[in-house]
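1. only geometry, no sequence info:
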Ligand code: PLP
């Protein structure tokens, strides 16, 4: 518990992690990917521009996974350099899961720090930092039904980073400013509940995802999936990113029509739900993807009936 510090959100935690590793640990290489959330992507780009840090992006495979052999080769090549690997546990747009154990082992083998953005997975998967060595890990309260506006960062006890915000001595000198006590309490309770009911939540949401995929495949012609949605072991159970044939409807009209029907989906990350602003993730996987790409995500409060309504609505909009 002495290794967890509360922040205002996942974005702040990720900014703190990357900036801290460069400033305090002397990191000169950040190995990351173009699929990261903008808070990681923009932080590493900024560090690449304003310091002597070199940013390396891992190649993305057609199924949205990262090339792990390339990671191993790069780590070996940079063996004697101070480096940070920053990769998200689950991609928020396509759901692909990273093999945390594998990346952690590689980081240890080649002496790299490991930061992982677990905003999409904490509260949904067991993550044990006693078993899997991770130096920095970030999370956000509202993703597991805690309050909005609170996040946290885990910093392995072996290392220290200095605070991003300077001022008072709150959070054991790690984050200045009066603590948002009610939000922190809410986050604590939410994570406790999330892990108490993990199995039921996983079973319920998996059923919803399987149902959606099955009905998309059987009732709507020419639907593909972005990422590795059909591989249950390597895809988050709460995310499906479907690629509809473009000629039928543009993504923005599809989103708008779903929105009007009271069905909240997004074209990219949830931050852009209701509008199609394009997706840097889908662009990085396949720049020629011209389909109408829609991201569906579920919570434990969704029902099979809502999935059926969504399918019916899609059929109506797409006139099939
Ligand atoms: N990282 C990932 C993977 C996310 O999905 C999000 C938000 O959707 C964030 C970071 C940012 O979290 P927050 O909205 O708490 O700043």
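-> Here it is on my side, so go on. Treat the numbers as computed from the prediction; the structure is a model and nothing was measured.

2. ok and the residue in the protein nearest the ligand?
-> Closest contact between the chain and the ligand, by CB to the nearest ligand atom, is at residue 10 (2.8 Å). Every residue, glycine included, has its C-beta placed from N, CA and C.

3. who touches the residue lying closest to that residue once chain neighbours are set aside in this structure?
-> Spatial nearest neighbour of residue 10, chain neighbours left out: residue 140 (3.3 Å); criterion: CB to CB, 6 or more residues apart in numbering. Going by CB atoms under 8 Å, 6 or more residues apart in numbering, residue 140 touches 9-10, 13, 119, 150-151.

4. same thing but 7 Å
-> Applying CB atoms under 7 Å, 6 or more residues apart in numbering to residue 140 gives the contacts 9-10, 119, 151.

5. hang on, the earlier thing: next up, the contacts around the residue of the chain closest to the ligand.
-> Taking CB under 7 Å, 6+ apart, one finds 39, 119, 138-140, 151 in contact with residue 10.

6. one more time with 10 Å
-> Taking CB atoms under 10 Å, 6 or more residues apart in numbering as the contact definition, residue 10 lies against 37, 39-40, 92, 117-120, 122, 138-143, 150-153.

7. Which members of those occur in strands, if any?
-> 117, 138-140, 151-153 (DSSP state E).

8. can you count the residues close to residue 130?
-> 5 (other CB atoms under 10 Å).

9. I'd like the average pLDDT over stretch 243-250.
-> The pLDDT scores in stretch 243-250 average 76.

10. residue boundaries of the helices in the stretch 51-200 of the chain?
-> 68-77, 100-109, 170-173, 181-196, 198-219 (DSSP state H, counting those that start in this stretch).

11. Could I get these in a markdown table, plus columns for mean neighbour count?
-> Below are these laid out as a markdown table (neighbours: other CB atoms under 10 Å):
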| stretch | mean neighbour count |
| --- | --- |
| helix 68-77 | 16 |
| helix 100-109 | 17 |
| helix 170-173 | 14 |
| helix 181-196 | 16 |
| helix 198-219 | 16 |
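
12. where among those helices is the average confidence lowest?
-> Sorting these by mean pLDDT places helix 170-173 lowest, at a mean of 95.

13. who's in contact with that one?
-> So helix 170-173 is contacted by 2, 4-7, 153, 160, 162-163, 165-166, 176-179, 184 (CB under 10 Å, 6+ apart).

14. So which of the residues you listed sit within strands?
-> Per DSSP E, the subset of these in strands is 4-7, 153.

15. Adding neighbour count, write these out as TSV.
-> Shown next, in TSV, are these (neighbours: other CB under 10 Å):
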residue	neighbour count
4	14
5	20
6	22
7	28
153	27
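
16. Quick check: the farthest pair among the contacts of helix 170-173?
-> Pairwise distances across the contacts of helix 170-173 peak at 22.9 Å for 160 and 178 (criterion: CB to CB).

17. Of those two, which one has the most company?
-> Under the criterion of other CB under 10 Å, the comparison of residue 160 against residue 178 puts residue 160 first, with 12 against 8.

18. can you pull the contacts of the more buried one?
-> Residues near residue 160 by CB under 10 Å, 6+ apart: 20, 24-25, 173-174.

19. Please repeat the previous calculation with a cut-off of 7 Å.
-> Going by CB under 7 Å, 6+ apart, the list of residues near residue 160 reads residue 24.

20. Repeat that for residue 284.
-> 34-35, 60.
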